[in-house]
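Sharing a sequence plus its predicted fold:
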There are 2 protein chains.
Amino acid sequence: MSMDIRRLSERKRHGQELAADELREVVAAYTAGDIGDAPMAAWLMAVCCEGMTEAEAWALTEAMTDSGERLDLSGLSRPTVDKHSTGGVGDKVTLVAGPIAAACGACVAKMSGRGLGHTGGTIDKLETIPGLSTQVAPDDFMAQAERVGLVVAAQSMALAPADGKMYALRDATGTVDSPALIASSIMSKKLAAGADAIVLDVTVGSGAFMRERVEALSLAELMVSIGRRAGRCVGALLTDMDQPLGEAVGNAIEVEEAVRALRGLGPRDVHEVSVAVAAWMLVAARIAADEASGRAMAEEAIASGAALDALREMVQAQGGDVAALDRPMLGHESAELGRWGASEAGWVTCLDARGVGYAALAAGAGRRRKTDEVDPAAGVRLLRKVGDCVEPGDILAEVTARSHERLIAAFEELDRAYQIGNERPELGPLVLDIITPSAEVAP
Amino acid sequence: MSMDIRRLSERKRHGQELAADELREVVAAYTAGDIGDAPMAAWLMAVCCEGMTEAEAWALTEAMTDSGERLDLSGLSRPTVDKHSTGGVGDKVTLVAGPIAAACGACVAKMSGRGLGHTGGTIDKLETIPGLSTQVAPDDFMAQAERVGLVVAAQSMALAPADGKMYALRDATGTVDSPALIASSIMSKKLAAGADAIVLDVTVGSGAFMRERVEALSLAELMVSIGRRAGRCVGALLTDMDQPLGEAVGNAIEVEEAVRALRGLGPRDVHEVSVAVAAWMLVAARIAADEASGRAMAEEAIASGAALDALREMVQAQGGDVAALDRPMLGHESAELGRWGASEAGWVTCLDARGVGYAALAAGAGRRRKTDEVDPAAGVRLLRKVGDCVEPGDILAEVTARSHERLIAAFEELDRAYQIGNERPELGPLVLDIITPSAEVAP
């Protein structure tokens, strides 16, 4: 071992800034197996405790990006734009905003992840479309990007492999929760994936990584700064994740809701966040001049059916059954359907997003471990959300699952997630903050 | 794995206090192999960064003590007293103060460690006495403690085994330097070793763990508090380790100097620190009423030859050649003797203890790795120390080593360790602070 990571851990824990060369060496040596898991875990914890400067986070990201291949999207004729959500419950925005942006002339050629714990993943959702493959060979990926303007594939192991190894260690050692480590993990994959423009959807609230708006904003600013230093046009939205987005939480059920949203018939919050994200994607891709014209283009793409057509084209190109998009639950059937009712009168004052995520997980829609399989038909449909008035006996939510035991387990989580009170709650905005897309590095 | 240490790491890093039960479970699960090295290293780093309360450090120490056997010294007729130094360069105080305390009626039945890095270890020094064994069987240990009142054996693996495993991990992961972890490591072994009274010699300066007086005092207070909570009579001295103690740094050469000190002919600093430590050991053991009478007893034990006799008896009881104590370097011979001279005139303004430790290490007196063997005859003799006046050509130090290369390497370290200046430096006190021995837990 040529480098002594212990010295870097000691310097970090005493508040010193590490040099770009040193961070590059840590990433290279750990990826090569020259630094063991235990000293690396100690170093990661020192970073969690002491933080990183923006320069350090940027150097770490660059080193992680350089640990693998970089996709070259420069040969595509349309402007390329990527989006990333820091994760949530019922978050189907990629499935709505992606087709909108493609329909408006952008190229959305992106890699997505699978769900873990209480959060869902776009890849799991897409794979509920019968026949659809998310394992897209590089040549096919580029050809579809050019022809359709929309392709969503499973995260390639060849991009930022250092992140894969580091994330597994962070997950095993309680060192996940650090802005610099979260930002470098996300941005190394985004930079390797090659898009010129990137819009980040940073979720805030009980269902998100970041519970507080102030820490979410600082994470967003850090990611934006890293992306701009890499020469990309980057912006961010802070969106509310205190309660789930939309009514559907699961896999097939969320695709169904996304299709409804693309028809202009989706829940108000899904529509609002998706249109906002799509508008800023169009601004970042320099297709729309400003947010207002981006929004107008997005609304028009929904109204004309062009956005839904873009999704259909993508599904077909990736081998999926397009007709399934018109069927309830994409044609999936579940053994059990349970209804969860209110036992008291009042207003729904809180609908804890994380708790609903746990309910969907209990129903079979998620993964406790990476190796678990998800049940496409399992999920939760929220019939009442925060601000709704309820009477005893009203149905608050429906759960679909493979077994009665899973229904009961999901009900127990819902029991903790719903709070009914006597006072009508105030509803806050869905989009809490915006960092306007730009390629300019702040001075 | 029944416990999730990641949750404890996250809570610790957010500044929360962990419960005694939780700390007990961490120590038990790690010792049993139910917690892996990587999550344990992350937890240790969270402790390094965020610190521990006194209650946490005490609970951790107790859990580590309970991981193995506890020596029962209660059957001995004399009051038992232990001493511990946090490590230094040229620190032969155990070899002087131990015999003094034994000669004055205390029972000093102790375990010591080996040297590592720039610091020496009492066991390495004792083993340069031909024939002497530091592997003492439990029955022999107790019999010698009762008959001679002085026995120094190598640290038993049966005492506080959790510390052995945790220390190896800390050493490998850059998580050594934490007051709570240092205190629990030292005190778990001291508590398991069973003495009623304990005097801690906490070194301060370039050759010590603690560079600053304020941090050394806080470490001393923490260790004293832990020992008192365990019902022992504990006190501490803060002693200077900016320059090495005495003139001799090595193994046989330090035993030789200890014997000289026991004859009343040793360097002033060795005499002063050893008499102070011995005096407080006698107070802690309730043999002397106060420091002044402890000092008087110690001086008398040296003057009468009783202290040297105690060392001789111990050496004989452990199979050592008593006659070797009267020979230069205990009869060891070295292939090479080199003299290091001054090239300029002035005063020695600094003699960096750590640097001299590295010089002795380069000469062959120490270990870079735990598995290295030490050369009994290798070492450094400091002919000039801080405050001495020098002329060009004066010999500052002599080095003995097995080869010419080792001499040269030691000279290079000495070149960095000695600083000659134009102004006569002020000499500070050797004993910087005292925590009077007591068994009373502070409110």
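Nice, thanks for sending it over. Numbering: from 1, shown residues only, chains lettered A, B, ... in the order given.

give me every residue that touches the residue of the stretch 101-250 of chain A found nearest chain B.
Closest residue of the stretch 101-250 of chain A to chain B, Cβ to the nearest Cβ: residue A:174 (3.1 Å). Quick note: C-beta positions are derived from backbone N, CA and C, even for glycine. Shown in contact with residue A:174 (Cβ atoms under 8 Å, 6 or more residues apart in numbering or on different chains): A:45, B:5-10, B:13, B:39, B:42-43, B:46.

neighbours around the nearest residue to it once chain neighbours are set aside, how many?
Ranked by Cβ to Cβ, 6 or more residues apart in numbering or on different chains and with sequence neighbours excluded, the top spatial neighbour of residue A:174 is residue B:6, at 3.1 Å. Neighbours of residue B:6 under the rule other Cβ atoms under 10 Å in any protein chain shown: 19.

What residues does chain A have near chain B?
A:5-10, A:13, A:36-46, A:48-50, A:169, A:172-175, A:177 (Cβ under 8 Å from any Cβ of the partner chain).

closest point of the stretch 301-443 of chain A to chain B, which residue?
Closest to chain B within the stretch 301-443 of chain A is residue A:368: 13.2 Å, counting by Cβ to the nearest Cβ.

element containing the closest residue to that residue other than its chain neighbours, please.
Counting by Cβ to Cβ, 6+ apart, the nearest residue to residue A:368 once its immediate chain neighbours are dropped is residue A:361, at 6.8 Å. If you go by DSSP states H and E, residue A:361 is part of helix A:353-363.

quick revisit: which one of the contacts of residue A:174 is nearest residue B:394?
Nearest to residue B:394 among the contacts of residue A:174 is residue A:45, at 50.6 Å by Cβ to Cβ.

Which helix or which strand is home to the closest one?
Using DSSP H and E, residue A:45 sits in helix A:37-50.

That helix to helix B:37-50, inter-axis angle?
Interaxial angle, helix A:37-50 versus helix B:37-50 (axes from the mean of the first three to the mean of the last three Cα atoms, to 10 degrees): 30 degrees.

From the chain's centroid, how far away is helix A:37-50?
Put simply, helix A:37-50 sits 26 Å off its chain's centre (Cα atoms, centre = their mean, to the nearest Å).

which other helices and strands contact that helix?
Helices and strands touching helix A:37-50, by 3 or more Cβ pairs under 8 Å, 6 or more residues apart in numbering or on different chains; DSSP states H and E, are helix A:5-13, helix A:20-31, helix A:161-173, helix A:179-192, helix B:5-13, helix B:37-50, helix B:161-173.

got JSON lines for those helices, with mean pLDDT too?
Converted to JSON lines, the helices and strands packed on helix A:37-50 look like this (pLDDT from 0 to 100):
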{"stretch": "helix A:5-13", "mean pLDDT": "94"}
{"stretch": "helix A:20-31", "mean pLDDT": "96"}
{"stretch": "helix A:161-173", "mean pLDDT": "92"}
{"stretch": "helix A:179-192", "mean pLDDT": "96"}
{"stretch": "helix B:5-13", "mean pLDDT": "94"}
{"stretch": "helix B:37-50", "mean pLDDT": "97"}
{"stretch": "helix B:161-173", "mean pLDDT": "92"}
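
Isn't residue A:270 up against residue A:257?
Yes. Contact criterion Cβ atoms under 8 Å: residue A:270 and residue A:257 qualify, at 6.6 Å.

what touches both of those two?
Joint contacts of residue A:270 and residue A:257 (Cβ under 8 Å, 6+ apart) are A:92, A:246.
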